[in-house]
Each structure stands twice: as structure tokens, then as C-alpha cells.
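Trainee: what follows is a predicted protein model with its sequence.
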Amino acid sequence: NKQVIFKNYVSGLPKESDMEVIESSIQLKVPEGTKDAILLKNLYLSCDPYMRGRMTNLETLYMPSFEPGLPLSGFGVAKVLDSTHPDYEKGDFVWGITGWEEYSLITAPDHFFKIQHMDVPLTYYTGLLGMPGMTAYAGFYEVCSPKKGEYVYVSAASGAVGQLVGQFAKLLGCYVVGSAGSNKKVELLKNKFGFDAAFNYKEEPDLNAALKRYFPEGIDIYFENVGGKMLDSVLLNMRNHGRIAACGMISQYNLDHPEGVHNLVPVVFKRVRIEGFLVNDFFHLYPKFLEMVIPHIKEGKITYVEDIAEGLEGAPAALVGLFTGRNVGKQLVVVSRD
Ligand code: NDP
């Protein structure tokens, strides 16, 4: 059983050498007498920015830290090889939190979703139809209170969450601008995901001026994925009664001392609502989300770009790459295709 082991707590940018791929042995069935367990063959693993937090032992985490010496864990798609749990049987496909390894024994599979729609790519359950997709859906529709015609800005817009937020906003009839960290990503935003405009924030010496150029009348909705200087500049460009969905702040995740926000005063006089949210609180909406999004996928109204790393050996680089913007689209790792 090949495994990706977490070596030790991390400070600063995570490195490939913070993880190690090893071989261990595992019995390919649920051990005799173990009730309510499933034995999974992992197919696709999701690389997600929140995993950086789990590489520390800070008290502020909302997920448990990884344990040095044990495999990492995260969202993934898997096939049930054996089950003593009444809700699962051999041959089922599921997605949920599994190990970064070829096979995982899950003793309390309470947080798995059984995959019902198999006529879409299975990899989508790491992204579009998995946790990031739910994040985009909940963050945009539930937190942003969007209305047709509003001006929407998305940062980290070509990523797992951002590319969907932009497409949801377009479906609703909003004006949507996205930013990303390379010209290739900017092209995707405009030509693949249908954003009205997009820019490479790394080539903008003055973010405030850039936002004024793209939003001469200001921003109604900011879907916040990066934080830091970007948030400072956005605050100067919000419209009255604007909303900011604080989904993530990836620019801060590798800093020992996160930066402060420099000017919150516009929040007062523009009456801006800033609301943080966690997708964990919205999974009850998953069936509603699928009902909406699956027909859109089939009709070609929603598209999704994935960045696929092959094999568990590629997993450490894939995870680390999220923090340098190496990934183009949703980063996932193929452990096995069947
Ligand atoms: P992405 O697929 O967007 O990958 C991360 C991207 O972030 C990189 O490709 C890079 O894109 C950008 N990035 C990395 N470092 C920086 C930096 N220092 N400054 C600016 N941008 C940077 O990730 P996801 O779509 O999975 O996640 C997007 C955000 O959503 C994250 O903040 C994540 O933590 C958050 N999130 C929150 C959830 C919740 O429940 N609240 C659930 C899931 C995700 P680029 O080249 O454009 O810089």
C-alpha cells in the first residue's frame, strides 16, 4: 500500500520534502469483527489549500492537524472493495475524506457521499461535483445574495472554486471580472469560462488602479480567495451595500504573522457586509446543488478545467504547487483509474 506520509509540522512555504512516499502492507478486506467499516481503493485525490493549515499544530484549526509519521488525508474519490457498513457495498463509488494512499480502511464512514451520477467524469467529484464545487455554490448563492446585473469580482479565479463562481455569476446575468497569476490563466477566464474581463494581478503594479479600470462604477460582490493586498484594494472599490464572501485568503496561509487589513473605513460608509463561511456548514444543500449543476454540465453550460498529476509520487509536488500558482484549474492526483 503506497502512502504519502506527512513528515513534520511546517512553517513558511510547504515543500515536497515535508512529505515522503513509502510502501506498507495492508489486508485488502475489512478485518474480521470490525463493524461499520469500509475498505477503499482510492482513485483520485484532491489537493486543497486548507490542507496547509493541517500541516501546522496551531489551535485555530477547524480540522485536525496531520500527524507526523502518518499518511496525509483529504477529499478523494474511491471504490468500495469491502464493507461491513449497512449503507455501503462492494462496488460502490464514494467521495469523502480518505487517506493519501492506495487503499484506506475507514472505520466510521459518516462523511462519505455515495456517487449516484456516473455519467460525468469521476474526477469531477474532487472538484466541480465535490467540496470545491459546493464551496462555490454555497459561497455565491447563499453568502453573496447575488442579483442579476451586479458587478462581481473573483480572485484566484481560474482555480477549483473561482472558475465556478465566475460561471455561476454569468449564468445569473452578472458582469464578472476575474484575476489570476498568469496570462495562460487569464486567457482561460475570458475564453473558456466566459468572464467578461480578466487580468494578471502579478503584472499590475497598482491593484487599486486596476480595479478602478475594470469596475469604474465599483464592485457589488467580491468573492475573496486570496486576502492581503488584494483585499485592501477591493475595499477601496466596493459599492454601497456591497458583499464580500470571505471564502479563503491563500496569500496569508504561509505567513507566520498574517498581514492586517489596512483600511476598513469604507466598510462603514459603503455599508459593506463581509461574511466568512465554511463549506462544512452547507453540505445539506448538496442534493440541491447536484440538481442544478448536473443538467448544466450535460448541456455544456458549465465547464471545468482540471490539472491532473499522475501517481502518488506526484502528490507532494501537486499539493505544494497550489501555493505558487503552478496549478491551472482544479489540482488532483490520480492514484488509479479503475
Ligand atoms: P485554487 O485551485 O485556486 O489554487 C490555489 C491558487 O491560489 C493558486 O493556483 C494561485 O493562483 C493562488 N495563489 C496561491 N498563492 C497565492 C498568493 N500568495 N497570492 C494570491 N494568489 C495565490 O484553490 P481552490 O479553488 O481550491 O481554493 C481557493 C480559495 O478558496 C482558497 O483560499 C481556499 O482556502 C478557499 N476555500 C475555502 C473553503 C471554505 O469552506 N471556506 C473551501 C474550499 C476552498 P494564481 O496563479 O491565480 O495566483
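Mentor: Received, thanks. Residues are numbered from 1 along each chain as shown.
Trainee: check what pLDDT the nearest residue to G227 once chain neighbours are set aside gets.
Mentor: Counting by Cβ to Cβ, 6 or more residues apart in numbering, the nearest residue to G227 once its immediate chain neighbours are dropped is M249, at 2.7 Å. Yep, even glycine has a C-beta here, placed from its N, CA and C like the rest. On pLDDT, M249 comes in at 97.
Trainee: tell me the contacts of M249?
Mentor: By Cβ atoms under 8 Å, 6 or more residues apart in numbering, M249 lies in contact with E224, N225, V226, G227, G228, L231, P258.
Trainee: try 7 Å
Mentor: If you count contacts by Cβ atoms under 7 Å, 6 or more residues apart in numbering, M249 has them with E224, V226, G227, G228.
Trainee: pLDDT weak spots in the stretch 51-200 of the chain?
Mentor: For the stretch 51-200 of the chain, no stretch is flagged by pLDDT under 70.
Trainee: nearest to the ligand: which residue in it?
Mentor: Among the residues of the stretch 51-200 of the chain, G159 lies closest to the ligand, at 1.7 Å counting by Cβ to the nearest ligand atom.
Trainee: list phi and psi for that residue.
Mentor: Note on G159: backbone dihedrals following degrees, to the nearest 10 are phi -80, psi -170.
Trainee: neighbours of it, how many?
Mentor: Other residues near G159 come to 32 when the count uses other Cβ atoms under 10 Å.
Trainee: who's in contact with it?
Mentor: With contacts taken as Cβ under 7 Å, 6+ apart, G159 has the following neighbours: N225.
Trainee: kindly reformat the contacts of M249 as JSON lines containing secondary structure and pLDDT.
Mentor: As requested, these are exported to JSON lines (DSSP: H, G, I helix; E, B strand; the rest coil; pLDDT from 0 to 100):
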{"residue": "E224", "secondary structure": "strand", "pLDDT": "98"}
{"residue": "V226", "secondary structure": "coil", "pLDDT": "98"}
{"residue": "G227", "secondary structure": "coil", "pLDDT": "97"}
{"residue": "G228", "secondary structure": "coil", "pLDDT": "97"}
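Trainee: helix, strand, or coil at the residue of the stretch 201-338 of the chain found nearest the ligand?
Mentor: In the stretch 201-338 of the chain, no residue comes nearer to the ligand than G248, which is 2.0 Å away by Cβ to the nearest ligand atom. Per DSSP: H, G, I helix; E, B strand; the rest coil, the secondary structure class of G248 is coil.
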